[in-house]
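**Student:** 3D, please:
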Amino acid sequence: MKYTKEEFDKHDKKMMNDVAELEQLVEWAQQDNTAFTEVDGVKYGSAHLWREVAEKALDLANQQEWFDRYEDKEVEQDGKEFRRKSK
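**Tutor:** Have a look, this model is predicted:
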């Protein structure tokens with residue numbers, strides 16, 4: 001599958017936002033082991049935050065696989081390579 005710079009930029013922006021969200025989740029989970037988060041009126045302990053961290057990390061791994069697969073194909077097809085933006 002060939003993708004455009006716009007599609008690449010869309011994926012890159014989403015990944016950068018998700019990385020920032022992951023960093024925030026980790027910070028919140030580390031702040032206090034007795035912290036609670038409330039979802040739909042139900043309170044959850046810090047273990048819930050760590051599960052969110054794990055889910056977000058797995059999602060980021062899947063997103064990185066997208067970059068790995070399609071960057072390789074793009075370089076093979078026309079020699080152009082898009083690079084992810086760094087923070």
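
**Student:** Buried ones in the helix or strand where Ala57 lies, by neighbour count?
**Tutor:** Following DSSP states H and E, one finds Ala57 within helix 46-78. For helix 46-78, the buried set under the neighbour-count rule, 16 or more other CB atoms under 10 Å, comprises 46, 48-50, 52-53, 56, 60, 63, 67, 70-71, 74. C-betas here are computed from N, CA, C, even on glycine.

**Student:** cool, and stretch 14-22?
**Tutor:** Within stretch 14-22, the residues that qualify as buried are 15, 22, counting by 16+ other CB under 10 Å.

**Student:** for the record, mean pLDDT for that stretch?
**Tutor:** On average, the pLDDT along stretch 14-22 is 96.

**Student:** Contact partners for the closest residue in space to Gln63 that isn't next to it in sequence?
**Tutor:** Among residues not flanking Gln63 along the chain, Met15 sits closest, at 4.9 Å (CB to CB, 6 or more residues apart in numbering). By CB atoms under 8 Å, 6 or more residues apart in numbering, the contact set of Met15 is 60, 63-64, 67, 84.

**Student:** okay, the residues you listed in a markdown table with distance to Asp9 next?
**Tutor:** Converted to a markdown table, these look like this (distance: CB to CB, whole Å):
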| residue | distance to Asp9 |
| --- | --- |
| Leu60 | 17 |
| Gln63 | 14 |
| Gln64 | 16 |
| Phe67 | 12 |
| Arg84 | 10 |
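
**Student:** Return the helix or strand in the chain with minimum mean pLDDT.
**Tutor:** Here the helix or strand of the chain ranked lowest by mean pLDDT, DSSP states H and E is strand 37-39, holding a mean of 74.
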